[in-house]
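> coords below, sequence missing:
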């Protein structure tokens, strides 16, 4: 069962208890009890089901009072993708903004279960276990919807102005809750949090101090949530309904490797190499690197390389993934291998650089990527950018 302490930790007013917390705490445990009694989500540990139930109740509280977090999510999904909720297309006419929707609950259940359980982290959103359990939970929430009280603490987003001095403290508090405890952000951020925690010794006082410093830095530098938006972007979407204006960029200067690379490849910005020896020869003969040396020796022992050049950023190198990419000039593409491994490029951090992944997917050169156990190429093809944002986070959106 979920404890009140666990529940309050995810509420905007934490650690204080508000007048409506007991109601939603009870409702969260009702979802958990129903899952246990009816055998929902049998493949998932109880703790994962509990975390997912709290995330679903967070969504429920949000839409009841239109706190703005969910509204910001679907607004940005529509801008990016032309549909409302990833995977579960809304059928255009029957989606109700600012109301409880079945497909919202389906998404939140998939998201909560997947992000919180490593064994099924990359899992089919149309798995029958997920859809059935989500629909049972949706019916419970739908039956309670008209009688549910306005959640007191979730209204903290209302009537704020980004640049109003008198709102600065409230916006800072909102930002902290969004990044650290919000139902929509924390599932996707969990792996980043684990990576940060692994860098320090949390059993020592100095390790705790270092951890806190790393977390402060992460709030300013790392994206979060299923769309991998930066905290500043989430705040602008919630408070102003739009993303912040981009800063004026410095004039771009063509990188020194770009001309030599494209001259050697006949204008192509990617090139494929089956071995380290081929790669090293290209560095020497095409780019003019020092002859007789083994360049990037850390790449020895690897294979299936992809080298990509950007006009202003320079070159990036990926290893051991070329067999997954159906580029017309890639002789190493292996459809059977790709059927088993292509999804890793979209879901495993550090497997494929973000710029290369975008280039490949925008051109349709990752056709074999599917969720494990399915042959549903279309779901991944339509949602590849969302999948990459959700799983890869800063490894996809970071520069």
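Done, it's in. Since we're looking at a predicted model, the values are computed, not measured.
> ok, longest strand in this protein?
strand 303-310 (DSSP state E).
> what's that one in contact with?
Residues outside strand 303-310 that contact it (C-beta atoms under 8 Å, 6 or more residues apart in numbering): 255, 257-258, 261-262, 269-276, 278-279, 282, 299, 315-323, 325, 332, 353, 355-356, 359. In this view, the C-beta of every residue, glycine as well, is placed from N, C-alpha and C.
> likewise stretch 357-373?
Stretch 357-373 is contacted by residues 122-125, 269-270, 308, 324-327, 335, 338-339, 342-343, 345-346, 352, 376-377, 379-381, 384-385, 388, 396 when judged by C-beta under 8 Å, 6+ apart.
> again, only this time at 7 Å
Under the contact criterion C-beta atoms under 7 Å, 6 or more residues apart in numbering, stretch 357-373 has outside partners 122-124, 308, 324-327, 335, 338-339, 342-343, 345-346, 376-377, 379-380, 384, 388, 396.
> Now do the strands in the protein.
Using DSSP E, the strands of the chain run over 270-275, 303-310, 314-318.
> low pLDDT regions in the stretch 201-350 of the chain?
Applying pLDDT under 70 to the stretch 201-350 of the chain picks out residues 248-251.
> circling back to that earlier point, can I have the buried ones of the contacts of stretch 357-373 as a ChimeraX selection?
Of the contacts of stretch 357-373, the buried ones go into a single ChimeraX selection, burial set by 16 or more other C-beta atoms under 10 Å:
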select :123,124,308,324,325,326,327,338,339,342,343,345,346,377,379,380,384,388,396
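> Can you tell me the closest non-neighbouring residue to residue 276?
residue 300 (5.0 Å; C-beta to C-beta, 6 or more residues apart in numbering).
> give me phi/psi at that neighbour?
Main-chain torsions, residue 300, degrees, to the nearest 10: phi -60, psi 140.
> Which helix runs longest in this protein?
Counting by DSSP state H, the longest helix found in the chain is helix 46-65.
> and that one, what does it pack onto?
helix 21-38, helix 69-81, helix 102-116 (3 or more C-beta pairs under 7 Å, 6 or more residues apart in numbering; DSSP states H and E).
> Now mean neighbour count too, for those, in TSV please.
Formatted as TSV, the helices and strands packed on helix 46-65 follow (neighbours: other C-beta atoms under 10 Å):
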stretch	mean neighbour count
helix 21-38	17
helix 69-81	19
helix 102-116	24
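> And the contacts of the longest helix of the chain?
2, 7, 10, 24, 27-28, 31-32, 35, 41, 69-70, 98-100, 104-105, 108-109, 112-113, 116-117, 137, 141, 148, 150-151, 154-155, 183, 187.
> what do you get for stretch 150-168?
The contact list for stretch 150-168, computed with C-beta under 7 Å, 6+ apart, reads 11-13, 18-20, 24, 61-62, 64-65, 67-68, 170-171, 174, 235-236, 238-240.
> For PyMOL, what selects the buried ones among those residues?
Buried subset of the contacts of stretch 150-168, written as a PyMOL selection, criterion 16+ other C-beta under 10 Å:
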select buried, resi 11+12+13+18+20+24+61+62+64+65+67+68+171+174+235+236+238+239
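> returning to that earlier point: narrow the contacts of strand 303-310 to those that are buried.
255, 257-258, 261, 269-273, 276, 279, 282, 299, 316, 318-319, 321-323, 325, 332, 353, 356, 359.
> Looking at those, which are in helices?
Members of the buried ones among the contacts of strand 303-310 lying in helices (criterion: DSSP H): 257, 258, 261, 276, 279, 282, 356, 359.
> Please report the distance of residue 52 from residue 44.
According to C-beta to C-beta, to the nearest Å, residue 52 stands 8 Å off from residue 44.
> Between these two, tell me which one has more neighbours.
Taking neighbours as other C-beta atoms under 10 Å, residue 52 and residue 44 compare with residue 52 leading, 30 against 23.
> circling back to that earlier point, just put the strands of the chain in a markdown table and tack on distance to residue 84.
Shown next, in a markdown table, are those (distance: least, C-beta to C-beta, whole Å):
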| stretch | distance to residue 84 |
| --- | --- |
| strand 270-275 | 34 |
| strand 303-310 | 33 |
| strand 314-318 | 33 |
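> what's the closest of these to residue 216?
strand 314-318 (29.3 Å; C-beta to C-beta).
> Tell me what angle that closest one forms with strand 270-275.
40 degrees (axes from the mean of the first three to the mean of the last three C-alpha atoms, to 10 degrees).
> which other helices and strands contact strand 314-318?
Using 3+ C-beta pairs under 7 Å, 6+ apart, strand 314-318 sits against helix 256-265, strand 303-310, helix 354-362.
> mind listing what that strand pairs with, with the direction of each?
strand 303-310 (antiparallel) (DSSP bridges).
> Off-centre distance for the partner strand?
25 Å (C-alpha atoms, centre = their mean, to the nearest Å).
> Burial check on residue 259, number of neighbours?
12.
> what does residue 246 give?
Neighbour tally, residue 246, other C-beta under 10 Å: 6.
> how far away is it from residue 204?
From residue 246 across to residue 204, the span is 41 Å (C-beta to C-beta).
> ditto for residue 16
31 Å.
> Check residue 192 too.
With C-beta to C-beta as the criterion, residue 192 and residue 204 are 22 Å apart.
> what about these two, which has more around it?
Neighbours per residue (other C-beta under 10 Å) separate residue 192 from residue 204, with residue 192 holding more: 17 against 10.
> just to revisit the earlier point, got the angle for the longest helix of the chain vs helix 102-116?
Using the same axes, to 10 degrees: helix 46-65 against helix 102-116 is 140 degrees.
> could you check the angle helix 21-38 makes with helix 46-65?
Computed by the same axes, to 10 degrees, the angle separating helix 46-65 from helix 21-38 equals 130 degrees.
> now helix 46-65, how far from the chain's geometric center?
18 Å.
> Repeat that for stretch 225-241.
With C-alpha atoms, centre = their mean, you get 13 Å for stretch 225-241.
> go on, stretch 293-301?
33 Å.
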